[in-house]
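Chemist: Just to be clear, the model below is a prediction. Sequence and coordinates:
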Amino acid sequence: MRQIVLDTETTGLETSEGHRIIELGCLEIVNRRLTGERLHEYLQPDREIDPRAIEVHGISNEFLLDKPRFADVVDRFLDFVDGAELVIHNAPFDVGFINHELKLAKARVRRIEDVCGILDTLVLARRMHPGSRNSLDALCKRYQIDASGRVQHGAVLDAGLLADVYLAMTGGQVTLGLEREGPDPASPSAPVRARASSAPLRVIEPSAEERAEHDDLLALLDQSSGGACQWRRLSG
């Protein structure tokens with residue numbers, strides 16, 4: 001399963017006011033692991049950036065003068081994301097801007113939804129944590145992800161934090177390590193291994209409420225993984 005965690009920075013808030021993408025950050029996840037593959041571009045928007053936007057991301061008009069335009073990188077972008085599921089926080093904002101840019105560039109694709117699935121982590125977070133703050137900063141605090149370096153927004157920085165948040169929300173990067181060879185068990189630095197016990201295990205049955213919460217979580221995992229949640233099939 002291939003996913004692309006995506007974030008953008010823009011000249012302002014509304015495409016209807018002619019605002020454009022000025023930074024595009026994409027990080028690849030395959031089978032719930034960050035691969036290290038990424039696409040990162042700063043873009044010349046051919047317009048001034050709103051001062052309020054500069055306060056958020058710190059990208060200046062002067063910095064973008066020699067950068068490529070979206071039309072210059074659109075094919076590489078589409079090749080990178082084609083067929084993947086895009087993981088985006090507050091997806092309507094970024095998808096709206098991407099589709100606006102695709103239209104302006106007269107790209108081979110006019111709607112990114114036609115070549116990618118879309119997973120909105122804001123919607124997912126609101127279902128999992130109703131009534132709580134679900135901004136990226138709030139989720140980093142909830143899942144104990146270090147966002148101390150996030151003085152200002154940045155597409156790649158925010159995509160990296162979102163990748164960590166998304167994996168934590170949906171079960172983390174699972175590495176059992178049970179088959180791994182280690183040092184001599186007698187060594188003080190050897191990892192602690194569980195010992196088998198001859199005592200019978202106590203079975204505690206979940207309550208109806210706990211079963212319902214478990215089923216809701218499996219449904220969210222199944223949605224976020226594109227129907228690949230094996231636990232849901234086993235429990236069905």
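Modeler: Noted; the coordinates are in hand. Numbering: from 1, shown residues only.

Chemist: And the strands in this structure, which stretches?
Modeler: Counting by DSSP state E, the chain has strands at residues 2-10, 21-30, 33-42, 85-88, 117-120.

Chemist: Pipe the ones you listed into JSON lines and attach mean neighbour count, mean pLDDT and distance to Ser60 per row.
Modeler: C-betas here are computed from N, CA, C, even on glycine. Shown next, in JSON lines, are the strands of the chain (neighbours: other Cβ atoms under 10 Å; pLDDT from 0 to 100; distance: least, Cβ to Cβ, whole Å):
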{"stretch": "strand 2-10", "mean neighbour count": "25", "mean pLDDT": "97", "distance to Ser60": "12"}
{"stretch": "strand 21-30", "mean neighbour count": "21", "mean pLDDT": "97", "distance to Ser60": "10"}
{"stretch": "strand 33-42", "mean neighbour count": "14", "mean pLDDT": "96", "distance to Ser60": "11"}
{"stretch": "strand 85-88", "mean neighbour count": "24", "mean pLDDT": "98", "distance to Ser60": "25"}
{"stretch": "strand 117-120", "mean neighbour count": "17", "mean pLDDT": "98", "distance to Ser60": "30"}
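
Chemist: To Leu65, which of the ones you listed lies closest?
Modeler: Leu65 lies closest to strand 33-42 among the strands of the chain, at 10.6 Å (Cβ to Cβ).

Chemist: Within its sheet, name the partner strands of the closest one and how each one runs.
Modeler: strand 21-30 (antiparallel) (DSSP bridges).

Chemist: Run the angle between the strand it pairs with and strand 2-10 for me.
Modeler: Counting by axes from the mean of the first three to the mean of the last three Cα atoms, to 10 degrees, strand 21-30 points 160 degrees away from the direction of strand 2-10.

Chemist: Run the chain-centre distance for strand 21-30.
Modeler: What separates the centre of strand 21-30 from the centre of its chain is 10 Å, taken as Cα atoms, centre = their mean, to the nearest Å.

Chemist: Same question for stretch 64-83.
Modeler: The answer for stretch 64-83 is 20 Å, by Cα atoms, centre = their mean.

Chemist: So for that stretch, what gets flagged as buried?
Modeler: Across stretch 64-83, burial judged by 16 or more other Cβ atoms under 10 Å covers 64, 67, 69-70, 73-74, 77-78, 80-81.

Chemist: Who is the nearest residue to Glu37 once chain neighbours are set aside paired with across the strands?
Modeler: Nearest non-adjacent residue to Glu37, counting by Cβ to Cβ, 6 or more residues apart in numbering: Glu28, 4.1 Å away. Assessed by DSSP bridges, Glu28 has beta-bridge partners Ile4.
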